[in-house]
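Engineer: got a structure for you, letters missing:
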């Protein structure tokens, strides 16, 4: 399976639908104050680069990199379409975003993901990619619904 990852301008219906599904999933598993996913408007912020992953003309996944400062980036809005889970799309997006962060001179990546059981596959993906658990960062607070992770680049 070939995966094409490209910068996405967030105007396509498929992309917007997957973002909406991602946000709905976050609200289904966490209380509102524990949902830190970005909506389309927030993903358009100049500090954020957003990518979509495509296979055979179908949207397979999304992910974003938010620049926290010159040295640190935050992984945001990682979501693989249910039809493509377990096919390597999430890993490909994560590797792509990590490579871009390195190219931009960042020395570390950070992320917040959920703690409920639904998020265990994401946690495992990040752990396999070298992320380790850490405390809250960049304005986050301790939250039983959050897992914070970081990785040096």
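Structural biologist: In hand now; what should we look at? This is a predicted model, so every value here is computed, not measured. Numbers count the residues shown, from 1 in each chain.

Engineer: Report the buried residues of the longest helix seen in the chain.
Structural biologist: When the chain is parsed with DSSP state H, its longest helix is helix 13-29. Across helix 13-29, burial judged by 16 or more other CB atoms under 10 Å covers 15, 18, 19, 22, 23, 25, 26, 29. Every residue, glycine included, has its C-beta placed from N, CA and C.

Engineer: May I ask which two of those residues are separated the most?
Structural biologist: Maximum pairwise distance among the buried residues of helix 13-29 (CB to CB): 21.8 Å, between 15 and 29.

Engineer: returning to what we had before: which outside residues touch the longest helix of the chain?
Structural biologist: For helix 13-29, the surrounding residues in contact (CB atoms under 8 Å, 6 or more residues apart in numbering) are 8, 10, 35-37, 39-40, 43, 52, 59, 61-62, 77, 79, 81, 114, 116, 118-119, 145.

Engineer: Do a quick rundown of the strands in this structure.
Structural biologist: Per DSSP state E, the chain carries strands over the ranges 4-7, 48-55, 58-67, 72-80, 108-114, 132-134, 146-152.

Engineer: least trustworthy position among the buried residues of helix 13-29, going by pLDDT?
Structural biologist: Lowest pLDDT of the buried residues of helix 13-29: residue 29, 86.

Engineer: which residue lies farthest from the center of the protein?
Structural biologist: residue 56 (22.0 Å; CA atoms, centre = their mean).

Engineer: circling back: filter the contacts of helix 13-29 down to the buried ones.
Structural biologist: Counted by 16+ other CB under 10 Å, these give 8, 10, 35-37, 43, 52, 59, 61-62, 77, 79, 81, 114, 119, 145 as buried.
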